[in-house]
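Visitor: Can you look at this prediction? I've put the sequence above it.
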Amino acid sequence: MKQEQHVRTFFNKHSDQDRLLLEQGLAFRGHDESDNSSNQGNYLRILRFLADHNEDIKKVTLKNAPGNNMLTAPSIQKDIVRACSIETTNAIFRDVGDALFYVLIDESRDASMKEQMSVVLRYVDKNEFVIERFIGLKHVTSTTAISLKEALDQLFSKHGLSISRLRGQGYDGASNM
């Protein structure tokens, strides 16, 4: 099987597995993903379970996949999560469309002591339901008002949001805002 065909077959067979982990907010990776580990992580454990119970999946995964195309390396798992994140974010912005929205921002430090800003959008969808969606974390150089504003401007620009549609702002802990 050519690499492109293998990748397409792999993703067709694994999309439910990835969706399950993402919807449940479960980690993909474990601390020890070696063959003899008792806790390889959710991604590999579910993949092994599916391969044990479905011959079509077993044919194209794990030991039956070409050595350089197993798609189980940590960097590949991160790429899968990143791709799902991009698609999810794009779906949120498509749902927002031309609606007016409200932004909620909180700033904090992560475990490595880097400043970051979390962003949530609140809007009314086409069915007239109030929706809140977490957009993501953005690393910022500092939590000053100007730094947070610049990060928000970049986010708006990246996703094609217009400041003219912004109808409200909420800041938790950002007393300088």
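Guide: Received it, and whenever you're ready, just let me know what you need. Residues are numbered from 1 along each chain as shown.

Visitor: Asn64 reaches Ile57, doesn't it?
Guide: No. If you go by CB atoms under 8 Å, Asn64 and Ile57 don't touch, sitting 9.5 Å apart. Backbone N, C-alpha and C define where each C-beta goes, glycine included.

Visitor: residues in contact with Asp98?
Guide: Asp98 makes contacts with Arg165, as judged by CB atoms under 8 Å, 6 or more residues apart in numbering.

Visitor: ranges for the strands of this protein?
Guide: For the chain, the strands defined by DSSP state E occupy 101-109, 115-124, 130-139, 166-172.

Visitor: Adding mean neighbour count, distance to Glu23 and mean pLDDT, write these out as JSON lines.
Guide: Shown next, in JSON lines, are those (neighbours: other CB atoms under 10 Å; distance: least, CB to CB, whole Å; pLDDT from 0 to 100):
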{"stretch": "strand 101-109", "mean neighbour count": "17", "distance to Glu23": "22", "mean pLDDT": "87"}
{"stretch": "strand 115-124", "mean neighbour count": "18", "distance to Glu23": "19", "mean pLDDT": "91"}
{"stretch": "strand 130-139", "mean neighbour count": "14", "distance to Glu23": "14", "mean pLDDT": "90"}
{"stretch": "strand 166-172", "mean neighbour count": "13", "distance to Glu23": "26", "mean pLDDT": "86"}
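
Visitor: can you tell which of those strands is closest to Gln24?
Guide: strand 130-139 (15.4 Å; CB to CB).

Visitor: could you dump that closest one to PDB, C-alpha only?
Guide: Taking C-alpha atoms only, strand 130-139 is exported to PDB below (Å, rounded to 0.1, in the frame of the first residue of the first chain):
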ATOM      1  CA  VAL A 130     -26.400  31.300  23.900                       C
ATOM      2  CA  ILE A 131     -23.200  29.400  23.200                       C
ATOM      3  CA  GLU A 132     -19.800  29.700  25.000                       C
ATOM      4  CA  ARG A 133     -16.800  28.100  23.400                       C
ATOM      5  CA  PHE A 134     -13.200  27.900  24.600                       C
ATOM      6  CA  ILE A 135     -11.000  29.200  21.800                       C
ATOM      7  CA  GLY A 136      -7.600  28.500  23.300                       C
ATOM      8  CA  LEU A 137      -4.600  29.600  25.200                       C
ATOM      9  CA  LYS A 138      -2.300  32.300  23.900                       C
ATOM     10  CA  HIS A 139       1.100  32.900  25.300                       C
END
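
Visitor: Which strands border that strand, and is each parallel or antiparallel?
Guide: Looking at strand 130-139 with DSSP bridges, its partner strands are strand 115-124 (antiparallel).
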